[in-house]
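Asker: only geometry, no sequence info:
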């Protein structure tokens, strides 16, 4: 956390609630971008983003400076976005577990690193078919460039679990792309 942010938090907790605008201005766009990538709808993301900042404000006294404020609010945002997607009760795609085990990592890496336009379009379509947890994991790690440690903290999983899920999600993406082709 930036040193002045802890000072702002203390001021807010001491009654200067108008100071919370700093966090809205500083992190609002980033939180919105994360949420929209998970839920896939700008309108829904706007509402969830407002709810995220409201919840963070209400829970501010529980914030512990062991992680940055941005990581803390990302955790709230990711969890709220995932919950919103789960409430939609979409039929989730489940792939055969044996298909993952027999898939060489090199093949997956090659396909996912392919930047030709048609491949990127298929990758984007495949990402949309992932469940919310998997989209959050990919968004945090690849688009937000969070470390495995930060991703694990935000998603409330162990670092080793984050690595395993990331590995499996990449393989799942590969299989989804192959079904599109």
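Answerer: That came through fine. Predicted, not measured: the structure shown is a model, and the values here were computed from it.
Asker: Please make it C-alpha for all contacts and neighbour counts, starting now.
Answerer: Fine.
Asker: The residue lying closest to residue 46 once chain neighbours are set aside: which element?
Answerer: Closest residue to residue 46 apart from its sequence neighbours, by Cα to Cα, 6 or more residues apart in numbering: residue 32 at 6.7 Å. In the assignment (DSSP states H and E), residue 32 maps to helix 21-39.
Asker: same check, this time on residue 54
Answerer: Using DSSP H and E, the element containing residue 54 is helix 42-58.
Asker: Tell me how far residue 36 lies from residue 46.
Answerer: Distance of residue 36 to residue 46, computed by Cα to Cα, to the nearest Å: 8 Å.
Asker: Surely residue 148 touches residue 163?
Answerer: Yes: the pair residue 148 / residue 163 is scored as a contact, 7.0 Å apart, by Cα atoms under 8 Å.
Asker: Compare these two (neighbour count), which wins?
Answerer: residue 148 (19 against 16; other Cα atoms under 10 Å).
Asker: Relative to residue 158, how far out is the more buried one?
Answerer: Residue 148 is 9 Å from residue 158, by Cα to Cα.
Asker: How about residue 42?
Answerer: Applying Cα to Cα to residue 42 and residue 158 gives a distance of 30 Å.
Asker: Can you tell me the centre-most residue of this protein?
Answerer: residue 136 (3.1 Å; Cα atoms, centre = their mean).
Asker: Quick check: chain neighbours aside, which residue is closest to it?
Answerer: residue 38 (5.7 Å).
Asker: show me what contacts the one you found?
Answerer: 78, 81-82, 85, 132, 135-136, 139 (Cα atoms under 8 Å, 6 or more residues apart in numbering).
Asker: Filter these down to the buried ones.
Answerer: Listed as buried from these are 78, 81-82, 85, 132, 135-136, 139; burial here means 16 or more other Cα atoms under 10 Å.
Asker: Inside helices: which ones of those residues?
Answerer: 78, 81-82, 85, 132, 135-136 (DSSP state H).
Asker: before we move on, the earlier item: for the residue nearest to residue 136, give me the pLDDT.
Answerer: With respect to pLDDT, residue 38 has a value of 91.
Asker: just to revisit the earlier point, surely the residue nearest to the centre of the chain meets residue 78?
Answerer: Yes: with contacts counted by Cα under 8 Å, residue 136 reaches residue 78, the gap being 6.5 Å.
Asker: gap between the residue lying closest to residue 126 once chain neighbours are set aside and residue 162?
Answerer: In space, and not counting its chain neighbours, residue 126 is closest to residue 176: 5.5 Å by Cα to Cα, 6+ apart. Counting by Cα to Cα, the separation of residue 176 from residue 162 is 21 Å.
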